[in-house]
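# 3D model of this:
(chains A, B, C and D)
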Protein chains: 2
Amino acid sequence: MLAESEIEHLENIVQRKKILKKGEFLYHAGDHFEAIHAIRSGSLKSYTISSDGTEQITGFHLPGEIVGLNAISHSTYPSFAKALETSLVCTIPFDKLETLSRDIPGLQKQIFHVMSNEIRDEQNLMMLLSKKNADERFAAFIMNLSARYGRRGLSSKEFQLTMTRSDIGNYLGLAVETVSRLVTRLQGNGLIGIQDRYIQITDMDGLSALAGTSCHH
Amino acid sequence: MLAESEIEHLENIVQRKKILKKGEFLYHAGDHFEAIHAIRSGSLKSYTISSDGTEQITGFHLPGEIVGLNAISHSTYPSFAKALETSLVCTIPFDKLETLSRDIPGLQKQIFHVMSNEIRDEQNLMMLLSKKNADERFAAFIMNLSARYGRRGLSSKEFQLTMTRSDIGNYLGLAVETVSRLVTRLQGNGLIGIQDRYIQITDMDGLSALAGTSCHH
DNA sequence: CGAATGTTTGAGGATGCTCAAGGGATGTGG
DNA sequence: CCACATCCCTTGAGCATCCTCAAACATTCG
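Model (predicted):
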């Protein structure tokens, strides 16, 4: 996550924007790595294909976030990045960024911070996957999206889920049917309201409590 | 993961070693962040304490690996790091490293790579947690340790598990009892041999196949 | 030597998956 | 514009995996 000002700073350095329509790829697994990407608008999902051919979603990416950090140590991207909706992406050649970061005070620190944040975010997600039940996972997922939208100055109380129920299930390690049932149940509990993919958090505290570390009753 | 030569390089830069006995902390969650740490020998576990007071293990750390990368973007460590056995750790003040990396060609790249690797490793673990069943998780866990020991020039076929069954279960999102049963079963299948915490991989291909992405029969 | 911690095994039960089916939305070609 | 295919979402019923609870034994440590 970068602040708006920081992204603009990067944009001034490297002016190379790209528009992706829904379903189009930012990159494929195996593509030669040469750049990381800042999302200006829209959303993407990252995923790999496992040996049995199934999709394995590793993350969703919202405006203000950086995609491609997991490729830096390799010559190729280890995952696919696909647009969930029409999206505007700013491409930042990494060798250029590396060089610049040696001269521009603060830029290197910036990159370290972004990467460190990603590491910590993923550790949180790991905990979620290994310790929480279906309800808690889904609640944590929604709260996470809420916080990320909120940070960008967008509404943290209501927003569009740009991914399918199937994507959510894939990401959270749940069956589609389970996700569907969760949506229904949490709506019944009065925690959320959902109309298709438009979600409103009607009880932020309640949802937060559910998402919070499991007390198992 | 750093190569032996790279660690020595770092050591020459910052000569500050520390010996930890089993159960001692390298740092606590909330401690002021000022350094990352390279493990020379022994092993550690990282964990957080959730709001209900239970331990949540986020990783095990072996010789040659770096601990503390998830703290860079914050002023404090987000997790605990505790020695699983007597361990030798090399502490690297991060501000010093940051400064040096601007002058020493390759060092900055080195850090980027280490961090990028950690991001990718965690994405792999996420997939494991969200997609695999108990047998596959455990097999993947053992294969992962095997590869990491192998990379350090140690035996990848037999090694000591320095963590408890409970730690393994905590990390993999399984109950202790399940881990215990898995050990028994995989031993019965002839994939591994275990004597207390000393494990031998007797069928590397078989274990690898089990660890490999689930075909669910 | 007693206490705490770690490991194993068994029995029962709950959570979440699989399988099945139907409806709604979207898109494409005739 | 309609027919048809495809994808997405929902709901139900049965079942499997893995957790919980319980107990016994081993090991470590003060």
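
# let me see the mean pLDDT of stretch A:101-120.
Averaged across stretch A:101-120, pLDDT comes to 87.

# chain center to that stretch: distance?
19 Å (Cα atoms, centre = their mean, to the nearest Å).

# list the buried residues for that stretch?
Using 16 or more other Cβ atoms under 10 Å in any protein chain shown as the test for burial, stretch A:101-120 gives A:101, A:107-108, A:110-112, A:114-120. C-beta: built from backbone N, CA, C; applies to glycine.

# out of the residues you listed, who's nearest residue B:205?
Of all those, residue A:119 has the smallest distance to residue B:205: 32.3 Å, by Cβ to Cβ.

# just the element for the closest one, please.
According to DSSP states H and E, residue A:119 maps onto helix A:107-131.

# ok, back up a step: TSV please, covering the buried residues of stretch A:101-120 and showing distance to chain B.
TSV is the format used below for these (distance: Cβ to the nearest Cβ, whole Å):
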residue	distance to chain B
A:101	7
A:107	10
A:108	7
A:110	10
A:111	7
A:112	5
A:114	8
A:115	4
A:116	4
A:117	5
A:118	5
A:119	5
A:120	4
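
# returning to that earlier point: following the chain onward from the helix holding residue A:119, which element is next?
Helix A:107-131 is succeeded, C-terminally, by helix A:134-151 (DSSP H and E).

# for residue A:173, give me phi and psi.
Dihedral pair for residue A:173: phi 70, psi 40, per degrees, to the nearest 10.

# so it touches residue A:130, yeah?
No. Here residue A:173 does not reach residue A:130: they are 9.5 Å apart, not a contact under Cβ atoms under 8 Å.

# which residues do these two both contact?
Residues touching both residue A:173 and residue A:130 by Cβ atoms under 8 Å, 6 or more residues apart in numbering or on different chains: residue B:129.

# more neighbours, those two?
A count of neighbours by other Cβ atoms under 10 Å in any protein chain shown puts residue A:130 above the other of residue A:173 and residue A:130, at 23 against 20.

# residue A:212 versus that one, what's the distance?
16 Å (Cβ to Cβ, to the nearest Å).

# if you rank every helix and strand of chain A by mean pLDDT, what lands last?
Here the helix or strand of chain A ranked lowest by mean pLDDT, DSSP states H and E is helix A:4-13, holding a mean of 68.

# after that one, which helix or strand is next?
Downstream of helix A:4-13, the next assigned helix or strand under DSSP H and E is strand A:17-20.

# list the buried residues for that following strand?
So, applying 16+ other Cβ under 10 Å, buried residues of strand A:17-20: residue A:20.

# parallel or antiparallel, list what pairs with that strand.
strand A:87-93 (antiparallel) (DSSP bridges).

# give me the next element, helix or strand, following the partner strand.
Going down the chain from strand A:87-93, the next helix or strand is helix A:94-103, by DSSP H and E.

# and that following helix, what does it pack against?
helix A:4-13, strand A:35-41, helix A:107-131, helix B:107-131 (3 or more Cβ pairs under 8 Å, 6 or more residues apart in numbering or on different chains; DSSP states H and E).

# can we see that at 7 Å?
Helix A:94-103 sits against helix A:107-131, helix B:107-131, with contacts defined as 3 or more Cβ pairs under 7 Å, 6 or more residues apart in numbering or on different chains; DSSP states H and E.

# read off the pLDDT value for residue A:208.
Predicted confidence (pLDDT) for residue A:208: 93.

# would you mind listing what in chain A touches DNA strand C?
Counting by Cβ under 7 Å from any atom of the strand, chain A comes close to DNA strand C at A:133, A:134, A:135, A:169, A:173, A:174, A:175, A:177, A:178.

# which ones among those also lie next to chain B?
Among the residues of chain A next to DNA strand C, the residues lying close to chain B (Cβ under 7 Å from any Cβ of the partner chain) are residue A:173.

# now the residues of chain A next to DNA strand C as TSV including pLDDT?
Shown next, in TSV, are the residues of chain A next to DNA strand C (pLDDT from 0 to 100):
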residue	pLDDT
A:133	93
A:134	96
A:135	95
A:169	97
A:173	95
A:174	96
A:175	96
A:177	97
A:178	97
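
# restricted to buried residues, select the residues of chain A next to DNA strand C in ChimeraX.
Applied in ChimeraX, the following selects the buried portion of the residues of chain A next to DNA strand C according to 16+ other Cβ under 10 Å:
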select /A:134,135,169,173,174,178
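
# from the residues of chain A next to DNA strand C, which two are the most distant?
Distance extremes for the residues of chain A next to DNA strand C: the farthest pair is A:133 and A:177 at 15.6 Å, using Cβ to Cβ.

# out of the helices and strands packed on helix A:94-103, flag the one nearest residue A:48.
Shortest distance between residue A:48 and the helices and strands packed on helix A:94-103, using Cβ to Cβ, is found for helix B:107-131: 7.2 Å.

# for that closest one, the distance to its chain's centre please.
12 Å.

# repeat that for stretch A:120-132.
For stretch A:120-132, the separation from the chain centroid amounts to 14 Å (computed by Cα atoms, centre = their mean).

# ditto for stretch A:195-211
On Cα atoms, centre = their mean, the centre of stretch A:195-211 falls 18 Å from that of its chain.

# before we move on, what about stretch A:197-214?
With Cα atoms, centre = their mean, you get 18 Å for stretch A:197-214.

# and what of stretch A:200-217?
The answer for stretch A:200-217 is 21 Å, by Cα atoms, centre = their mean.

# below-threshold pLDDT in chain A: ranges please.
In the predicted model of chain A, residues A:1-13, A:15, A:213-217 satisfy pLDDT under 70.

# 80 - rerun?
Applying pLDDT under 80 to chain A picks out residues A:1-15, A:51-52, A:103-105, A:212-217.

# write out the residues of it neighbouring chain B.
Residues of chain A lying near chain B (Cβ under 7 Å from any Cβ): A:50-52, A:56, A:58, A:69-70, A:72-73, A:78, A:98, A:102, A:108-109, A:112-113, A:115-120, A:122-123, A:125-127, A:129-131, A:172-173, A:212-215.
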